[in-house]
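**Student:** Just need the structure, nothing else, for what follows:
(one chain, ligands or ions: 2)
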Amino acid sequence: MSIRLGVPSKGRLMDKTFAWFAERGIEMRRTGSEREYAAEVAGADIDLRLLSAGEIPRELASGRIHLGVTGSDLVQERIPAWEQAVEVVAEMGFGHADLIVAVPTCWVDVSTLDDLDAVAAQFRQRHGYRLRIATKYHRLVRDFLREAGVADYRLVDSQGATEGTVAHGTAEAIADITSTGETLRANNLKILEDGLIHRSEATLFRARGAEWKAHERQALSEFFSRLGLD
Ligand SMILES: Nc1ncnc2c1ncn2[C@@H]1O[C@H](COP(=O)(O)OP(=O)(O)OP(=O)(O)O)[C@@H](O)[C@H]1O
Ligand SMILES: O=P(O)(O)OC[C@H]1O[C@H](OP(=O)(O)OP(=O)(O)O)[C@H](O)[C@@H]1O
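**Tutor:** Ligands and ions are numbered 1, 2, ... in the order given. Presented below is the predicted three-dimensional model:
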């Protein structure tokens, strides 16, 4: 059995992953049509799997894949105690995005987490319910706000178009990924000065829990030396 490597199945993350490996002499190529999600690595004993970027953390955590490429935000959000389950092999230098907390630009008195905490307490007194923060990053946001001492809020789940929730009246603030900042600007939102939760980057991870047979360890060490990683 060969090493099972999961990579993103579409879009920029897939293209840049293929390019990253190609620059290091590992040619990945699709073997079927666009929609077949089949691919192979030329000249290496690698079982290449095209997977949803969002599902790669689970595949790593379960050990169904030995190695996986995905955003560090997705691994940290989706794997409890992620450092025990996976190891960072390489930060790949693309897929940069910041997970941040943002509030309406018109909240002129709110520019830090302390301000948000104060506003959240007032909000609850005034409205009888907690200030709502829309996000799909529940674990990372909860941990971050706990550390920052922000308590009087509740998370509302948003799996997409999160910046729109404030205008739509389903949340007062958001925590989401941003890269150019255009979506935030278009939705009249501003990032809190100390509101950076995580700097995400496409990362190659190794599953600590995957079963490594002797010949797989050997194949891995050859693969890493071809990549210039040892
Ligand atoms: N605007 C952006 N700029 C750069 N990176 C981004 C941006 N939006 C999301 N990302 C990153 O891309 C990665 C994949 O994001 P997402 O979960 O949205 O995947 P997806 O496009 O829905 O793919 P899939 O459905 O296959 O899981 C995440 O690590 C995220 O940080
Ligand atoms: O800072 P910007 O360059 O404007 O990018 C930020 C946007 O990109 C992502 O959305 P994506 O297009 O992946 O869709 P989503 O709403 O489904 O998350 C993210 O959720 C933001 O909405």
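**Student:** C-alpha only now, for contacts and for neighbours.
**Tutor:** OK.
**Student:** How is this structure divided into domains?
**Tutor:** The record's domain split for the chain, according to automatic domain parsing, is 3-95+202-227, 97-200.
**Student:** For the first one, measure first residue to last.
**Tutor:** Same thing as domain 3-95+202-227. 14 Å (C-alpha to C-alpha, to the nearest Å).
**Student:** Please say whether there is contact between that domain and ligand 2.
**Tutor:** No: no part of domain 3-95+202-227 sits close enough to ligand 2 to count as contact by C-alpha under 6 Å from any ligand atom; the gap is at least 10.4 Å.
**Student:** I'd like to know which of the domains of the chain has the weakest mean confidence.
**Tutor:** Of all these, mean pLDDT reaches its minimum on domain 3-95+202-227 (a mean of 94).
**Student:** that older thread, what's the closest of the domains of the chain to ligand 1?
**Tutor:** Among the domains of the chain, domain 3-95+202-227 comes nearest to ligand 1, with 3.2 Å by C-alpha to the nearest ligand atom.
**Student:** Is there proximity between that closest one and ligand 1?
**Tutor:** Yes: counting by C-alpha under 6 Å from any ligand atom, contacts between domain 3-95+202-227 and ligand 1 involve 52, 53, 54, 70, 71, 73, 74, 95.
**Student:** Any figure for the gap between the first one and residue 70?
**Tutor:** So that's residue 52. Distance from residue 52 to residue 70, by C-alpha to C-alpha: 9 Å.
**Student:** re earlier: list only those of the residues of domain 3-95+202-227 next to ligand 1 flagged as buried.
**Tutor:** 52, 53, 70, 71, 73, 74, 95 (16 or more other C-alpha atoms under 10 Å).
**Student:** how about these in JSON lines, adding secondary structure?
**Tutor:** Below are those laid out as JSON lines (DSSP: H, G, I helix; E, B strand; the rest coil):
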{"residue": "52", "secondary structure": "coil"}
{"residue": "53", "secondary structure": "coil"}
{"residue": "70", "secondary structure": "strand"}
{"residue": "71", "secondary structure": "strand"}
{"residue": "73", "secondary structure": "helix"}
{"residue": "74", "secondary structure": "helix"}
{"residue": "95", "secondary structure": "coil"}
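**Student:** Those residues into JSON lines, with extra columns for distance to residue 142?
**Tutor:** Shown next, in JSON lines, are these (distance: C-alpha to C-alpha, whole Å):
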{"residue": "52", "distance to residue 142": "25"}
{"residue": "53", "distance to residue 142": "22"}
{"residue": "70", "distance to residue 142": "22"}
{"residue": "71", "distance to residue 142": "19"}
{"residue": "73", "distance to residue 142": "14"}
{"residue": "74", "distance to residue 142": "15"}
{"residue": "95", "distance to residue 142": "24"}
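**Student:** I'd like to know how far residue 28 sits from residue 63.
**Tutor:** Taking C-alpha to C-alpha as the measure, residue 28 falls 22 Å from residue 63.
**Student:** Residue 143 too?
**Tutor:** 26 Å.
**Student:** More neighbours: which of these two?
**Tutor:** Neighbour count, other C-alpha atoms under 10 Å: between residue 143 and residue 63, residue 63 has more, with 20 against 11.
**Student:** how near is the closest residue in space to the more buried one that isn't next to it in sequence to residue 44?
**Tutor:** Of all residues not flanking residue 63 in the chain, residue 210 sits nearest, at 3.9 Å (C-alpha to C-alpha, 6 or more residues apart in numbering). Spatial separation of residue 210 from residue 44 under the definition C-alpha to C-alpha is 19 Å.
**Student:** Please say which of these two ends up with more neighbours.
**Tutor:** Between residue 210 and residue 44, counting by other C-alpha under 10 Å, residue 210 is the more crowded of the two (19 against 16).
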